[in-house]
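J.: everything below, folded, please.
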Amino acid sequence: MINLRDYQSDIMRRTYNSMLSGNRRPLVVAPCGSGKTVIFCDLAGRTQAKGKRIVVLVHRIELMAQTLGTFTQLGVSMDTIEVHMAFSYSKHLDRHLKPDLIITDEAHFSAANTWMKIYQTWPDVCVIGFSATPCRLDGKPLGDIYDDLIETVTTADLIKQGYLSPYRYFAPAIADLSALKKKGSDFDQLQAESILATKAVYGDVIKTYREKANGKKTVIYCTTVNHSKAITEAFRLEGYQSEHIDGTTPEKERAKIIDRYRRGETQILSNVDIVSVGFDLPDIECCIMLRPTCSTALFIQQTGRALRPLPGKIAIILDHVGNYARHGLPDDQREWSLSERIQSRPEYRDDGRLNVRMCRECFFTYPTGPDVCPNCGAPVISTREEIKNIRNIQLAEIQQGRRERAAEAVQGKSLNECRNLQEVMAWCKQNGKKSGFGYLHAKRKGMVR
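T.: Got it, this is the predicted structure:
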């Protein structure tokens, strides 16, 4: 019997209830670091005990080894449980026995052709998906695959309960990305590389790292392979043990690089789309974001790598590309859906103020609220756009108030009893007259010139 945390037991209970109510493909939302692997290992073990055959699908070789290790650590026998990479499993479905249950790890990849081939081969087999970001990386929903969304604990909850690390978020701008264009559903990463790949930018990145996170085990997210290799070399020249990894790195070499990083021989690991989804290493203390993205899902997956807990740990996130302005902060509450695509977080609140504020003195980034920076105490200075927004909203509120007062003033009155243009227009609206009629009346009465 696996000892689950309270919220993990709640996820199990709600998943069972979903399937008992007739759903065949529930999708479980569980934040990065919440222990999804432990939950579905327990689920697989309980299902196996009923004489059922289970297949667990993962999308990368590192996650396969990690998952198998968790099964072993928890003492779950693998008699009728198989763990496979979806890509290789889909190639030889005829060699495998039909499972009774498919568990999909990192279910936001479910819409890929390899995964869909598996589901379509056995359309009557139940599928349970697990993901911290239950949508495609481009934000589109997964309702064409899953039939129920199970949401329980949030990232903010887990930080409060001590199951995830608190963090400090800094967003020093290092380059002007205002001209950055989109390519497909995300930014053009080659264009981003051309903007970010300069010695001056690398110098600023290293300077910020020294000031905010010097010596901490760090992962860097880059735009392209060349970009990642260049920033790796820049850190090496400054005396840091730094290595690069990407999808083309040979499997054996990739394993050696990750092993050196796990053991602490490598201090900084730079990558392109490798150390994001499912990569579990609690002593990652800092992440540096050098990849601008339109994908809220990718943003959450990447920042989540630094939030694994250790005693006394406070994670550092260095966002050099303004991702916070597009997506908010890692522990913001988000509304997930199986029918609606996830929307980027609005930059401004309904009152015109920024949702997330960045201190101009120390670059500390935090939800708008305090009058001074919580990190350095510098007074809040509103941006020009923020001031403009607030003034426009205040003007709109004043105008709305005038309209409401005018409407009340002309109730039951004749047109000739109206005292000003605002009241004439209110009277016309109440009596089905066009605004042009009211304007001419007001002009004859000398209310307008």
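J.: from now on I want contacts and neighbour counts done on CA atoms only, so please keep to that.
T.: Fine.
J.: how about low-confidence regions in this structure?
T.: Residue ranges of the chain with pLDDT under 70: 1, 275-280, 393, 449.
J.: please identify which helix or strand holds the residue nearest the centre of it.
T.: In the chain, the C-alpha nearest the mean C-alpha coordinate belongs to residue 300, at 2.9 Å (CA atoms, centre = their mean). Under the criterion DSSP states H and E, the helix or strand holding residue 300 is helix 296-303.
J.: which is the next helix or strand following that helix?
T.: Tracing the chain past helix 296-303, the next element assigned as helix or strand by DSSP H and E is strand 315-319.
J.: wait, residue 36 sits on residue 28?
T.: No - under the criterion of CA atoms under 8 Å, residue 36 is not in contact with residue 28, lying 9.1 Å apart.
J.: look up how far residue 233 lies from the residue nearest to residue 80 when sequence neighbours are not counted.
T.: Of all residues not flanking residue 80 in the chain, residue 53 sits nearest, at 4.9 Å (CA to CA, 6 or more residues apart in numbering). Using CA to CA, to the nearest Å, we find residue 53 at a distance of 48 Å from residue 233.
J.: between those two, which is the more surrounded one?
T.: Set side by side, residue 53 and residue 233 show more neighbours around residue 53, with 20 against 17, by other CA atoms under 10 Å.
J.: any idea how far the more buried one is from residue 81?
T.: When distance is defined by CA to CA, residue 53 is 6 Å away from residue 81.
J.: now stretch 154-161: how far from the chain's centre is it?
T.: On the basis of CA atoms, centre = their mean, to the nearest Å, stretch 154-161 is displaced by 15 Å from the centre of the chain it belongs to.
J.: now do the helix ranked longest in the chain: which elements does it pack against?
T.: Among the elements of type helix in the chain, defined by DSSP state H, the one spanning the most residues is helix 384-409. Helices and strands touching helix 384-409, by 3 or more CA pairs under 8 Å, 6 or more residues apart in numbering; DSSP states H and E, are helix 421-430.
J.: quick check: buried residues in the helix or strand hosting residue 437?
T.: With elements delineated by DSSP H and E, residue 437 resides in helix 435-444, which encompasses its position. Neighbour-count burial for helix 435-444 flags 438, 439, 441, 442 (criterion: 16 or more other CA atoms under 10 Å).
J.: what of stretch 2-21?
T.: 8, 11, 12, 14, 15, 18.
J.: CA atoms of that stretch as PDB?
T.: Coordinates of each C-alpha in stretch 2-21 appear next as PDB, following Å, rounded to 0.1, in the frame of the first residue of the first chain:
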ATOM      1  CA  ILE A   2       1.400   3.400  -1.000                       C
ATOM      2  CA  ASN A   3       1.000   6.200   1.400                       C
ATOM      3  CA  LEU A   4      -0.500   9.100  -0.600                       C
ATOM      4  CA  ARG A   5      -0.800  12.700   0.500                       C
ATOM      5  CA  ASP A   6      -4.300  14.000   1.200                       C
ATOM      6  CA  TYR A   7      -4.600  15.700  -2.200                       C
ATOM      7  CA  GLN A   8      -3.200  12.700  -4.000                       C
ATOM      8  CA  SER A   9      -5.900  10.500  -2.400                       C
ATOM      9  CA  ASP A  10      -8.500  13.100  -3.400                       C
ATOM     10  CA  ILE A  11      -7.300  12.800  -7.000                       C
ATOM     11  CA  MET A  12      -7.600   9.000  -6.800                       C
ATOM     12  CA  ARG A  13     -11.100   9.300  -5.400                       C
ATOM     13  CA  ARG A  14     -12.300  11.800  -7.900                       C
ATOM     14  CA  THR A  15     -10.800   9.700 -10.800                       C
ATOM     15  CA  TYR A  16     -12.600   6.600  -9.700                       C
ATOM     16  CA  ASN A  17     -15.900   8.600  -9.200                       C
ATOM     17  CA  SER A  18     -15.500  10.000 -12.700                       C
ATOM     18  CA  MET A  19     -15.200   6.500 -14.300                       C
ATOM     19  CA  LEU A  20     -18.000   5.100 -12.100                       C
ATOM     20  CA  SER A  21     -20.200   7.900 -13.500                       C
END
